[in-house]
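1. got a predicted model here, sequence first, then my questions.
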Amino acid sequence: MPEFVIAIDQGTTSTRCMLFDHEGAERGRQQLEHTQILPQPGWVEHNPVEIVERFRTVVRTLLDSAGLSSADLAAVGITNQRETTVVWNKRTGRPYYNAIVWQDTRTDRLVSAVERSGQGEVVRQKAGIPPATYFSGGKLAWLLENVPRLREDAERGEAIFGTIDTWLIWHLTGAVDGGAHLTDVTNASRTMLMNIDTLDWDDELLGIWGVPRAMLPEIRPSSDPNLYGSTRKHTSFGGEVPIGGALGDQQAAMVGQVCLRPGEAKNTYGTGNFLLLNTGDKPVRSQNGLLTTVCYQFGADNAQYALEGSIAVTGSAVQWLRDQLGIISGAAESEALACSVKDNGGIYFVPAFSGLFAPYWRSDARGAIVGLSRFNTNAHIARATLEAICYQSKDVVEAMERDSGVRLEVLKADGGITANNLCMQIQADVLGVDVVRPVVAETTALGAAYAAGLAVGFWSSPEDLRQNWQEGKRWSPTITPAERETSYAGWRKAVERTLNWVDVD
């Protein structure tokens, strides 16, 4: 009897493979970073072939180090950076272009043109999301316009599209030798091409972005008893393992945090921050700059929806301190450096490298550090970076409270930055509510494992998952309401300074 479920978590900066037992406890992990390709300002790309190599390596290394084979695995689940767009030739397996990453802003003119044409409201109503550089449909439209011969190949069904989940599933199930061309409903809901009500590709939306239907994968439930297929023997698994589930990374974190009832919410701290609120089996359209998205779908059950506040740059701002500024040698050092000063020294850092996402949706914004004087040091910049993560989350919480009418009482937090105690304390202070981290903080991978395990009966029901959740650490507010209000007012002033920086036609 297989004792484990394995999850592949293909993120923006790295590919991770994690092993979980029936209690949801982590039993092993491997992780490798991949190259961030930055051809020009605003452009962010990944090499999709490198990503495949990375996931093969982490899977093989994890199984070898644990002394396991495919026979020990009940199922494999996949979670992924969501809107990142890949197009490849199904006959040769070769990508036509690098993967265009969700942070990329090259499509700003395309999305602006859709707004000017009056079709932006159609996208909002049908897809549940606004025309924005963030989403896959515009990236796919750009590729079709700019890559030679791609449109002709797409129209005859030879060039196919997928988000990263689709790319990995295709490789796991045989690639050019019969690989399955599939996606799940959560990833499809991030494309601007799927109708949020029918959960199917929509001809009117395809027409707006000029996308041939023949390119698109089949949409499946997030946890699918009919399976996405099985891993082939020649893959890094070395044998057949059922692929039972796939979820976009933030929806996977909702499942991992067991936010399966309306009104339950979580915030994931990764490359960006993503705050989601479960709204039940009916989509709720936001009036305050949030996204309507599919939260998950288990088998034949009704899909569950969420309101989401997406923030483009949080953890990647810490990475920027390391890679571009060179003021820290690793992410863990940001906490020690920031703790060496008592406050931000009067400065605010708004990391609008890819414009501002929720609740502003301003592609004309760019990053700014404001309030600088000669007094300020690297330590103040490090502290302002951690504060920016927390202030951006507060912006989203306030919008979510206006949309839902429900005041946040506690914030479930997960992701790598939750290991930074100072950052989590600042978050509790900024929000004025307790912040709670579970024992298993990497809930994105756990959620993918849960979806896959439910599909094959490793877990019998969602209630089994709820029994696994355990609180790991809690942070409570330590500042006064007046201090909170003053510091947040400074943040809002700083945000204003970032707007109208780029001219968007």
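-> Sure thing, it's come through.
2. rest of the way, CA atoms for contacts and neighbours
-> OK.
3. which residues of this structure score low on pLDDT?
-> 504-505 (pLDDT under 70).
4. how about the helices in the stretch 251-400 of the chain?
-> 315-320, 331-339, 378-404 (DSSP state H, counting those that start in this stretch).
5. can I get those helices in CSV with mean neighbour count and distance to Ala445?
-> Formatted as CSV, those follow (neighbours: other Cα atoms under 10 Å; distance: least, Cα to Cα, whole Å):
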stretch, mean neighbour count, distance to Ala445
helix 315-320, 21, 18
helix 331-339, 18, 21
helix 378-404, 22, 22
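6. can you give me the strands for the stretch 151-300 of the chain?
-> Along the stretch 151-300 of the chain, counting by DSSP state E, counting those that start in this stretch, strands occupy 159-163, 182-184, 194-195, 200-201, 218-220, 243-248, 265-269, 273-280, 291-296.
7. of those, which is nearest Lys473?
-> Lys473 lies closest to strand 265-269 among the strands of the stretch 151-300 of the chain, at 14.8 Å (Cα to Cα).
8. output that closest one as PDB, restricted to C-alpha atoms.
-> The C-alpha coordinates for strand 265-269 follow below in PDB (Å, rounded to 0.1, in the frame of the first residue of the first chain):
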ATOM      1  CA  ALA A 265      -9.000  33.300   4.000                       C
ATOM      2  CA  LYS A 266      -5.300  33.000   3.800                       C
ATOM      3  CA  ASN A 267      -2.300  35.000   2.600                       C
ATOM      4  CA  THR A 268       0.600  33.400   0.900                       C
ATOM      5  CA  TYR A 269       4.000  35.100   1.100                       C
END
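9. most tightly packed of the strands of the stretch 151-300 of the chain?
-> Ranked by mean neighbour count, those are led by strand 243-248 with a mean of 34 (mean count of other Cα atoms under 10 Å).
10. what sits up against that strand?
-> Contact with strand 243-248 is made by 75-82, 165, 183-187, 221-231, 296, 448-449, 451-456, as judged by Cα atoms under 8 Å, 6 or more residues apart in numbering.
11. quick one: which of the helices of the stretch 251-400 of the chain is nearest Asn302?
-> Nearest to Asn302, of those and by Cα to Cα, is helix 378-404 at 21.0 Å.
12. who touches the helix or strand following the closest one?
-> Proceeding N to C from helix 378-404, the next assigned helix or strand is strand 410-414, under DSSP states H and E. Contacts with strand 410-414, where a contact means Cα under 8 Å, 6+ apart, come from 253, 257, 265-269, 433-438, 441-443.
13. which strands border strand 410-414, and is each parallel or antiparallel?
-> Sheet pairing of strand 410-414 (DSSP bridges) gives strand 265-269 (parallel), strand 434-438 (parallel).
14. that strand versus strand 273-280: what angle between them?
-> 120 degrees (axes from the mean of the first three to the mean of the last three Cα atoms, to 10 degrees).
15. from the chain's centre, how far out does the helix or strand following strand 410-414 sit?
-> The helix or strand immediately downstream of strand 410-414 is helix 421-431, counting by DSSP H and E. Taking Cα atoms, centre = their mean, to the nearest Å, the mean C-alpha location of helix 421-431 is offset from the chain mean by 22 Å.
16. about what we covered before: nearest to Gly289, out of the helices of the stretch 251-400 of the chain?
-> helix 378-404 (7.2 Å).
17. that older thread, hmm, which of the contacts of strand 243-248 are the buried ones?
-> Buried residues within those, defined by neighbour count using 16 or more other Cα atoms under 10 Å: 75-82, 165, 183-187, 221-225, 227-231, 296, 448-449, 451-456.
18. ok, back up a step: with distance to Gln427 as added columns, please give the strands paired with strand 410-414 in CSV.
-> Converted to CSV, the strands paired with strand 410-414 look like this (distance: least, Cα to Cα, whole Å):
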stretch, distance to Gln427
strand 265-269, 11
strand 434-438, 7
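19. of all the ones you listed, which lies closest to Ser65?
-> Closest approach to Ser65 among those is made by strand 434-438 (26.0 Å; Cα to Cα).
20. give me the angle between the closest one and helix 421-431.
-> 140 degrees.
21. tell me which helix or strand comes right after strand 434-438.
-> Next along from strand 434-438, by DSSP H and E: helix 443-456.
22. packing partners of that next one?
-> strand 4-10, strand 14-20, strand 73-80, strand 243-248, helix 249-256 (3 or more Cα pairs under 8 Å, 6 or more residues apart in numbering; DSSP states H and E).
23. hmm, 10 Å instead?
-> Applying 3 or more Cα pairs under 10 Å, 6 or more residues apart in numbering; DSSP states H and E, we find helix 443-456 packed against strand 4-10, strand 14-20, strand 73-80, strand 243-248, helix 249-256, strand 410-414, helix 462-468.
24. just the buried residues of the last one, please?
-> So the one you mean is helix 462-468. Asp464, Leu465, Asn468.
25. just the closest of the residues you listed to Thr235, please.
-> Using Cα to Cα, those come closest to Thr235 at Leu465, 29.5 Å.
26. quick check: closest non-adjacent residue to the closest one.
-> In this structure, Leu465 finds its nearest non-sequential neighbour in Val258, 6.7 Å apart by Cα to Cα, 6 or more residues apart in numbering.
27. wait, what's in contact with the one you found?
-> 252, 264-266, 443, 447, 450, 462-469 (Cα atoms under 10 Å, 6 or more residues apart in numbering).
28. and for Leu19, the neighbour number?
-> Using other Cα atoms under 10 Å, Leu19 has 25 other residues around it.
29. rewinding a little: quick one: closest of the helices of the stretch 251-400 of the chain to Ala159.
-> The nearest among the helices of the stretch 251-400 of the chain, by Cα to Cα, is helix 315-320 at 31.8 Å.
30. so what secondary structure elements neighbour that closest one?
-> Helix 315-320 packs on helix 331-339, helix 378-404, going by 3+ Cα pairs under 10 Å, 6+ apart.
31. neighbours around Leu38, how many?
-> The burial count for Leu38: 12, using other Cα under 10 Å.
32. ok, Gly289 next?
-> For Gly289, using other Cα under 10 Å, the count is 22.
33. with adjacent residues omitted, what lies nearest to it?
-> Pro359 (4.3 Å).
34. thought that neighbour was touching Ala312?
-> No. Pro359 is beyond contact range of Ala312, at 11.2 Å (criterion: Cα atoms under 10 Å).
35. give me the common contacts of these two.
-> Gln392.
36. tell me which of those two has more neighbours.
-> Neighbour tally, Pro359 and Ala312, criterion other Cα under 10 Å: the higher count belongs to Ala312, 26 against 23.
37. mind listing what the more buried one touches?
-> Per Cα under 10 Å, 6+ apart, neighbours of Ala312: 102-104, 134, 270-274, 351-358, 392.
38. which among these count as buried?
-> Members of the contacts of Ala312 classed as buried by 16+ other Cα under 10 Å are 102-104, 134, 270-274, 351-358, 392.
39. state the distance from Asn378 to Phe237.
-> Look at Asn378 and Phe237: by Cα to Cα, to the nearest Å, they are 45 Å apart.
40. typo on my end, Gln304
-> Taken as Cα to Cα, the span from Gln304 to Phe237 is 32 Å.
41. stretch 243-258: how far from the chain's middle?
-> 10 Å.
42. please renumber the chain so that the first residue is 37 from this point on.
-> Taking 37 as the first residue, the last one we looked at is stretch 279-294.
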